[in-house]
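A.B. asks: Model the structure of this input:
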Amino acid sequence: HQKITHNGDLLFAPLQLQEIAIFEILSMALAYRPLEIYPEAIELPMINADNTCTPTRYKIDLINFIDPHGLAGCNLFAYGLKPLDNPLAPPIVIFQGTSVSPADNLEVNIDGLIADLTLDGVGDDTFHHWGAKEALENWLQHNVQDTKALTMGHSLGGALAILTGSFLPEYIQRVYAFGS
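C.D. replies: Below you'll find the predicted structure:
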């Protein structure tokens with residue numbers, strides 16, 4: 001039941017720390033593996049407004065980023081998680097980060113590295129020019145009802161999560177960026 005404080009102010013309660021740890025694991029694990037290895041739904045422990053924890057089943061959607069101008073292919077994506085059995089649980093968007101594993105598809109590695117190296121900032125081209133913003137806005141419009149979404153990611157995924165929170169704030173309640 002350790003609490004994190006700064007100058008006597010409570011920064012994080014124990015359940016909030018557990019939630020952050022869960023989201024970091026999701027950002028690093030789920031976003032780096034192909035969707036095919038997961039079932040149609042996963043169960044996550046979600047922290048409620050009253051600081052209780054409720055297991056919540058989420059349906060997993062693949063959100064593809066497709067260049068709307070047809071200028072280049074884009075092999076980056078996000079996962080959209082829609083709550084199935086808890087109407088108070090938030091939808092979740094988890095972004096893929098840069099993958100440099102030799103086991104991965106070379107095209108995915110190149111797109112991630114290009115997204116990391118743009119002069120406008122990490123992830124900016126992906127978000128604004130490779131169709132990410134449009135794809136995300138479409139998914140969020142269809143899946144955000146009463147509770148705004150959480151967005152998260154690791155590395156490049158964290159940068160994309162921050163961009164989503166900045167440019168689509170009407171849909172996002174919190175952003176978690178790890179290693180970004």
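A.B. asks: longest helix anywhere in this structure?
C.D. replies: helix 14-29 (DSSP state H).
A.B. asks: so what secondary structure elements neighbour that helix?
C.D. replies: strand 41-47, strand 92-95, strand 149-154, strand 172-178 (3 or more CB pairs under 8 Å, 6 or more residues apart in numbering; DSSP states H and E). Where C-beta positions appear, they are placed from N, C-alpha and C, glycine not excepted.
A.B. asks: Identify the residues contacting the lengthiest strand in the chain?
C.D. replies: Identified as the longest strand of the chain according to DSSP state E is strand 53-64. Contacts with strand 53-64, where a contact means CB atoms under 8 Å, 6 or more residues apart in numbering, come from 15, 18, 35, 38, 40-48, 74, 77-86, 89, 92-93, 135-136, 139, 143.
A.B. asks: Report the buried members of those.
C.D. replies: 44, 46-47, 74, 77-83, 86, 89, 92-93, 135-136, 139, 143 (16 or more other CB atoms under 10 Å).
A.B. asks: now, which of these lie within helices?
C.D. replies: Reading helices off those with DSSP H, I get 135, 136, 139, 143.
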